[in-house]
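Q: Dropping a prediction and its sequence here:
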Amino acid sequence: MATGSEPAAGTAGTTPAVPAAPVLDVDGVTLQYKTKEHLITATYRVGFQTYPADRFVILGPSGCGKSTLLKGIAGYLHPVEGEMRLKGNAIRDPGPDRCMVFQEFDQLLPWKTVMGNITFALLNGGKCKSQDEAREIAHEYIRKVKLERFEDTYPHMLSGGMKQRVAIARAMSMEPDILLMDEPFAALDALTRRQMQEELLQLWDDTRFTVIFVTHSIEEAVIVGSRILIMSPHPGQVKAELNAHLHTHDDVGGEGFMALQNRIHGMIFADRVLEEETQPQHA
Amino acid sequence: MPERVIQPYVREELDGRDIGEAVVGDVERRLSVWERVSNIDAVRKLSVLVTLVVAWELYTRISDINELMFPTFSSTGTALYNALVNEGLLINVWNSLSLLLTGYGIGVGIAAMLVVFGVWTRFGSDLLTTLTAMLNPLPAIALLPMAMLWFGLGPAAIVFTLLHSIIWPVALNTHSGFMGVSETQRMVGRNYGLRGLSYIYKILIPAAFPSILTGLRIGWAFAWRTLIAAELVFGGQVADTSGQLGAEGSSAGGLGWIIFQNQMENQTPYVFAGLFAVILVGIIIENGVFRNVEDRTIRRWGMQIG
C-alpha cells in the first residue's frame, strides 16, 4: 500500500525547467524470471522517468529486483506487463544505445587488451567504421579514466578498480543514450570505492551523461545520485523517489546529507522490521 | 573465569616519522647460478632423459640380453639415423602426418558444425551430449574392421576411423567450454550488438578457448595413436593379401607400416627406431604447435596460470 510515487520535494532547491521528454520511460513494468523450480516476480508495476543528465540511483535491499530491473532496461529480460521506452521507442533487445557496466570484473574480455576491449565495443556496436577511428576515440576515453599507461595491458594484469575504470570507459566511449551501472563498485575495497565515486562524478561533470546506477549502499546512493528511487523487496515496488542532487562527497557527514541518509534508512529499515516480525524466529 | 579484564595499552602516537632509505639487507637479490639453472624446465627434463638413456644402455650391455629382444640405445640410435638419412623415414612420417591432417581438418569441421547446432537449438545440444556420451568411450580402432569393409583397404578407411577419434573429444570439450562462458561476458557481447555466428566467433570461442584447446589436444593425441594402430593392422592385412599398400615398397606406408615391416624382418633396432619416430612426432607437435598456441593465447590472456 505504501507506493507513494509522489516525489517529496523536501531537499530540492530551485526547480529547473522541465525537459521536454524523458530519456527513459519505465511504465508499470512487471518483470518475472524463472529459476529451475520457481517463477519469481522480481518487480511489480514499477514506473519512473529518467531525464537527460540524471544520475538516477535505484536503491533497495537485496531481493528488491533492482538488478533485474536494470537487466530489463538493458533488454536482457522482457516485461510481462508494462513497457519501457528509450527516447520514445519500446525496448526489445539489448543494444549499444544502452551500455551496461557490471559488478563482475570478468566483464572485460580477457583476450583483449584495455585498448582492444574498447575498440571491440566501438567497432561491433557500430559507432566506428575503421580501426583507426575506434583507436582514436578509445584513446580519448582511456585518458579520461587515467589509464594511458595500461593501454596495451591485458585485463588480468589490472587491479579491480582499474578493471572497473576500463569498463566505464568502454561504456562511455559508445556515448549511449543512457549508461546502466549495476553495482559497479560493490566488489571494490572501501578506499578504491570512494575514489571511483569521485572519478565518476568528475566524468559526469565533464560530459553530463545520463546514468542509472544500482546500489544497495545508502551512502553511495546519496553521494552518486541526483535522484534516488527507493524500492521495497518481494516483489520490488517503488517506495519513494527522492532528490539528492545537492549532496556529494564534500558534505558526507554534513547535516543535510545525514538527514537524507537517515530518511532513506528509515524507509528501508521500516520494511525490514516488519518482515522480521512477521517471520517465525528460526536460529 | 578471568580475574582481570585486560584493557588495551594506550601509548603515545607515532606521527610525522621521516622515512629514510631502508638499509635492512637487500630489497632484491639475484638467485645463485644453481638455483637459476634448476629453475629452467628444459634443463630438469633433459636430465631425466639422460638418466633414462644411460640406464637403458647400461642394462642392455650388462645383462647381455639378445639384440633381437631388446636392442641397446646406441644401436637404436644408429638405426634411427640410418632410417632417417638412407631409407627415407621422413617420407613415412609425412605419409602418416598427411593422413592425420586430412582427418583432423575434416573432424574439427564436423565437430564445429555439431557444436554450433548444439548452441542454437536445444535438440542439437541434446543430440550432441547423447552422441558424445555414447561414442566417446568407444575406441576408434574398434571401428577399423567395419571401415575396411565399407571403404576398402585404402586411406579412406583410416580417415574414417580418425574422424571418430577426433570429433567427440573436440565437440565435447568445445560444447562444455561454451556452456561455461560467464553470463556477464555473454551479456557484454549482446550489449554491443553481437548475434548469431559473430557472437559465437567473437565471444564464445575466445572465452571457451582453454577447453577448446584441451579438446583439440586430446583429439590430436587420440588420432595419432589410432593412426599408428590402424597402419599396423593394415600391415597385417597387406601381408595376408600380398598387395596394395606394400606393393610399391615400404616408402608407400606410414610409420605404423614401418614398425610392422621391420618386425616381420626381425630388424628389432629399426622397430625401436620407428617407435621413437612416433614419440618424436608426438612431442614435436605438442611442444611446437599446441604449446606455442597456448603461450600466445590463454597464457597471455591470463586464462591459464603456470
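A: Yep, it's here. The model shown is predicted, which means the values in this text are computed figures rather than measured ones. Numbers count the residues shown, from 1 in each chain, chains lettered A, B, ... in the order given.
Q: ok and the residue in chain B nearest chain A?
A: The shortest separation between chain B and chain A is 2.7 Å, found at B:G302 (distances taken as CB to the nearest CB). Bear in mind the C-beta positions are built from the backbone N, C-alpha and C, glycine included.
Q: pLDDT score for that residue?
A: For B:G302, the model assigns a pLDDT of 86.
Q: Now do the same for it: helix, strand or coil?
A: Reducing the assignment at B:G302 to three states with DSSP: H, G, I helix; E, B strand; the rest coil gives coil.
Q: number of nearby residues for the closest residue to it other than its chain neighbours?
A: Distances taken as CB to CB, 6 or more residues apart in numbering or on different chains put A:H156 closest to B:G302, at 2.7 Å, once the chain neighbours are dropped. Residues lying near A:H156 (other CB atoms under 10 Å in any protein chain shown) number 15.
Q: What residue in the stretch 151-283 of chain A comes nearest to chain B?
A: Across the stretch 151-283 of chain A, no residue is closer to chain B than A:H156, which sits at 2.7 Å (CB to the nearest CB).
Q: doesn't B:R300 make contact with that residue?
A: No: using CB atoms under 8 Å, A:H156 and B:R300 do not qualify as a contacting pair, with a distance of 9.3 Å.
Q: re earlier: the residue of chain B closest to chain A: what's it in contact with?
A: The contact partners of B:G302, taken as CB atoms under 8 Å, 6 or more residues apart in numbering or on different chains, are A:P110, A:Y154, A:P155, A:H156, A:M157.
Q: Next, the contact list for the last one, please.
A: Residues counted as contacts of A:M157 (CB under 8 Å, 6+ apart) are A:F150, B:G302.
Q: For it, report the pLDDT, please.
A: What the model reports for A:M157 is a pLDDT of 91.
Q: re the thing from before, tell me if the residue of the stretch 151-283 of chain A closest to chain B really is in a helix.
A: Yes: secondary structure of A:H156, determined by three-state DSSP: located in a helix.
Q: For the stretch 101-250 of chain B, which residues are neighbours of chain A?
A: Contacts of the stretch 101-250 of chain B with chain A, taken as CB under 8 Å from any CB of the partner chain, map to B:182, B:184-185, B:187-188, B:190-194, B:198, B:202-203, B:206-207, B:209.
Q: What's the ChimeraX line that selects buried ones from these?
A: To isolate the buried subset of these in ChimeraX, counting by 16 or more other CB atoms under 10 Å in any protein chain shown, use the following:
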select /B:184,185,187,188,190,191,192,193,194,202,203,206,207,209
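Q: a strand runs through A:F56, doesn't it?
A: Yes: applying three-state DSSP, one finds A:F56 inside a strand.
Q: For burial, what's the neighbour tally of B:N136?
A: As a burial measure, B:N136 scores 16 neighbours (other CB under 10 Å).
Q: tell me the contacts of it?
A: Residues in contact with B:N136 (CB under 8 Å, 6+ apart) are B:W168, B:P169, B:L172.
Q: and if you look at A:F209?
A: Neighbour list for A:F209: A:A53, A:M172, A:E175, A:I178, A:L179, A:L203 [criterion: CB under 8 Å, 6+ apart].
Q: Which members of those residues define the maximum pairwise distance?
A: The distance between the two most remote of the contacts of A:F209 (CB to CB) is 14.8 Å, for A:I178 and A:L203.
Q: Give me every residue in chain A that's in contact range of chain B.
A: A:71, A:74, A:76, A:93-96, A:98-100, A:102, A:104, A:106-107, A:109-111, A:120-121, A:124-126, A:154-157, A:174.
Q: Among those, which ones are in helices?
A: Among these, the ones falling in helices (DSSP state H) are A:K71, A:A74, A:F120, A:A121, A:N124.
Q: can you tell me which residues contact the nearest residue to the first one once chain neighbours are set aside?
A: Counting by CB to CB, 6+ apart, the nearest residue to A:K71 once its immediate chain neighbours are dropped is A:L77, at 5.1 Å. A:L77 is in contact with A:L31, A:Y33, A:T68, A:K71, counting by CB under 8 Å, 6+ apart.
Q: where's A:L77 relative to B:L99, distance?
A: When distance is defined by CB to CB, to the nearest Å, A:L77 is 51 Å away from B:L99.
Q: where does the stretch 201-306 of chain B have low pLDDT?
A: By pLDDT under 70, the low-scoring segments of the stretch 201-306 of chain B are B:235-252, B:305-306.
Q: Okay, the residue positioned nearest the centre of chain A and A:E183: tell me how far apart.
A: For chain A, the residue nearest the mean C-alpha position is A:F213 (1.8 Å; CA atoms, centre = their mean). Taking CB to CB as the criterion, A:F213 is separated from A:E183 by 9 Å.
Q: Quick one: low-confidence residue ranges for chain A.
A: Judged by pLDDT under 70, chain A has its weakly predicted residues at A:1-18, A:271-283.
Q: where's the residue most central in space within chain B, which helix or strand?
A: Centroid check for chain B by CA atoms, centre = their mean gives B:R217 as the closest residue, at 4.1 Å. Assigned by DSSP states H and E, B:R217 falls within helix B:209-241.
Q: list the buried ones in that helix?
A: Within helix B:209-241, the residues that count as buried by 16+ other CB under 10 Å are B:209-235, B:237-238.
Q: which residues of the stretch 151-283 of chain A fall in strands?
A: Remark: strands of the stretch 151-283 of chain A, listed N- to C-terminal, are A:178-182, A:211-215, A:227-232, A:237-243; assignment by DSSP state E, counting those that start in this stretch.
Q: The third one - contacts with which helices or strands?
A: The one in question is strand A:227-232. When contacts are defined as 3 or more CB pairs under 8 Å, 6 or more residues apart in numbering or on different chains; DSSP states H and E, strand A:227-232 packs onto strand A:39-50, strand A:55-59, strand A:237-243, helix A:255-278.
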